[in-house]
Each structure stands twice: as structure tokens, then as C-alpha cells.
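Novice: no sequence for this one, just the structure:
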């Protein structure tokens, strides 16, 4: 497993498997073969969906390694990150009652800055990590990044509700 993939190779394999397992190509086969083709086609589609999306791929690896909580909680995020988010969330709440283009842009800028810092800090680890090179604590750093990124995405979605038309 790896966080990075050869996207062209993934797409090529997906298309090959699509031709091989698509149910339309197995209409004359017996029921068991049709069922198996349908199952393999479904698996192929699901695999492509996960492998072609970096966030889904990250979530899959972290879940496979038992590092994502099953209850939907994010675990403990660092205090400094939560303080930054509290400031941004307060700005979002203020926009709800009194919209200000300046405050809106400032909040969006701050979110983009946090996203950039997060991305820059984790990219080397994501690029180099494989199951074979895994070092203690590396996946926990990826998990924290994953949760922070999701938190920022939700905040950005909340903020986008106030975007001027």
C-alpha cells in the first residue's frame, strides 16, 4: 500500500477490468458466472473510486491500519490547530448575523493558509510512505492530517454558505 499511485496505470487497469468483468459481456454465461462478473465489476468500480481519489485512498489505508475511529469522532487534535479553528468558526458565526465581505475573505484566506501549511508539511511523508517503509508514528501524523483536512473542509463548506452571489 502507498498513498501515491500511478494514476495512468490505475485508470488503465480499471478499463481493462471493466472490459473483462462488465456484466453485458457475460449475458450468455450461466447464473453463477453472471453473478461473479457482476461482483467483480462492482469491486472494480469501488477500487477505482478509492484509488483515483487521494483522500479516499488515505481514508482506506488509515481504516485498514485501524487508525480511524469507527464512531466518526476525530480524536484529539492539537490545541494550536483547535485555537485557529475556533477563531475561524467565530468569524463564520459573526458572518451569519452581519455579513462583511472583508471578514468573509479574511476567513477564507486563513483557511487556505492552513490548508497550504498542512499540505506542505505532509507531502514528503505521503510521497515516501509505503507499508514496507512505515516508521512508528508516521501513520498517526497522516491520520492527524486527514482529520485536520476534514475539519477545514467542513469549515470551508460552512463559510461558503455566506459567499456573495
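Specialist: Cool, the structure landed. All of these numbers come straight from a predicted model, not from anything done at the bench.

Novice: Residue 10 and residue 156: what is the separation?
Specialist: Residue 10 sits 28 Å away from residue 156, going by C-beta to C-beta, to the nearest Å. Heads up, the C-betas are built off the backbone N, CA and C, glycines and all.

Novice: ok, now residue 104?
Specialist: Taking C-beta to C-beta, one finds residue 104 at 12 Å from residue 156.

Novice: ok, now residue 66?
Specialist: As judged by C-beta to C-beta, residue 66 and residue 156 stand 29 Å apart.

Novice: Looking only at neighbour counts, state which of those two leads.
Specialist: Using other C-beta atoms under 10 Å, the more surrounded residue of residue 66 and residue 156 is residue 156, with 17 against 9.

Novice: is it fair to say that one lies in a strand?
Specialist: No. Residue 156: not assigned to a strand; according to DSSP: H, G, I helix; E, B strand; the rest coil it is helix.

Novice: mind listing what residue 104 touches?
Specialist: Taking C-beta atoms under 8 Å, 6 or more residues apart in numbering as the criterion, residue 104 is in contact with 95, 159, 162-164.

Novice: For these, give me CSV that also has distance to residue 140 and secondary structure.
Specialist: Shown next, in CSV, are those (distance: C-beta to C-beta, whole Å; DSSP: H, G, I helix; E, B strand; the rest coil):
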residue, distance to residue 140, secondary structure
95, 34, helix
159, 29, helix
162, 35, coil
163, 35, coil
164, 40, coil
